[in-house]
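Chemist: Dropping a prediction and its sequence here:
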Amino acid sequence: MTMIKKPLRRRCWQGNDAVWHDVSPGLVRKTPDSLSSWLVSTDSLTQRLIEHCRAGFSVRVLRQSVERPLASEAEMLGIPGGRFAFVRQVHLLCGDRPVVYARTVIPIETAHTRLKGLTRLGTRPLGAVLFSNPGMRRGKIQLAQIASNQGLNVLAHQNIDSEMCPIWGRRSLFYLYNQPLLVSEIFLSDFPFGYSN
């Protein structure tokens, strides 16, 4: 697949965030049947992709920087408005095909603790680090259907030559040594194990 760099449509970034909801039976019924088990699973997405991707799993780093998180991310983490956080954006690939956009937001205070290694992962998958730590605790899962004009959809499709359409994502707070970080996993429209109905 040819990768084409497309400019991000920044107009989508401000005031056009996805609306997240706690998992409920009614919400899960609205998701594509083949995708729902991926959305609500509490297991490691990294490990599940490794098991399903016959062409091989890898991580492509899109951006790692200190920046302002999206409004809903700041609210979820209790970051005061206007404050910065460490944000890591990656594509999870099956072969050379991006299938998931993963976004990690780490409060600056957390990034300067024992967890500073999380800001230097490079192409190592975050999931492997989180789920191998016996002290890891995961908060509740929230789901969102992300419209084609919403900021997360634009970010998810950066550097991909693909038509943007509504997609689904999930997010959770994770705690390592009682320090929080927020992980969002957005299932791209080319996700090979979902969106079949």
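Modeler: Okay, I see it.

Chemist: what residues are up against the closest residue to Ala71 other than its chain neighbours?
Modeler: Distance criterion Cβ to Cβ, 6 or more residues apart in numbering; nearest residue to Ala71, sequence neighbours excluded, is Asp17 at 5.4 Å. Any C-beta I mention is one placed from the backbone N, CA and C, and that applies to glycine too. Residues near Asp17 by Cβ atoms under 8 Å, 6 or more residues apart in numbering: 70-72, 150-152.

Chemist: With pLDDT added, can I get those residues in a markdown table?
Modeler: Formatted as a markdown table, the contacts of Asp17 follow (pLDDT from 0 to 100):
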| residue | pLDDT |
| --- | --- |
| Leu70 | 92 |
| Ala71 | 90 |
| Ser72 | 92 |
| Gln150 | 89 |
| Gly151 | 87 |
| Leu152 | 90 |
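
Chemist: Among these, which one lies nearest to Gln142?
Modeler: Closest to Gln142 out of those is Ser72 (9.3 Å), distances taken as Cβ to Cβ.

Chemist: The closest one: neighbour count?
Modeler: Neighbour count of Ser72, defined by other Cβ atoms under 10 Å: 18.

Chemist: so where do the helices sit in this protein?
Modeler: Secondary structure of the chain (DSSP state H): helices located at 25-29, 33-40, 45-52, 71-77, 108-111, 126-131, 151-156.

Chemist: and the ones you listed, which is most packed in?
Modeler: helix 151-156 (a mean of 24; mean count of other Cβ atoms under 10 Å).

Chemist: mind showing which ranges of the chain have poor pLDDT?
Modeler: Applying pLDDT under 70 to the chain picks out residues 1-16, 196-197.
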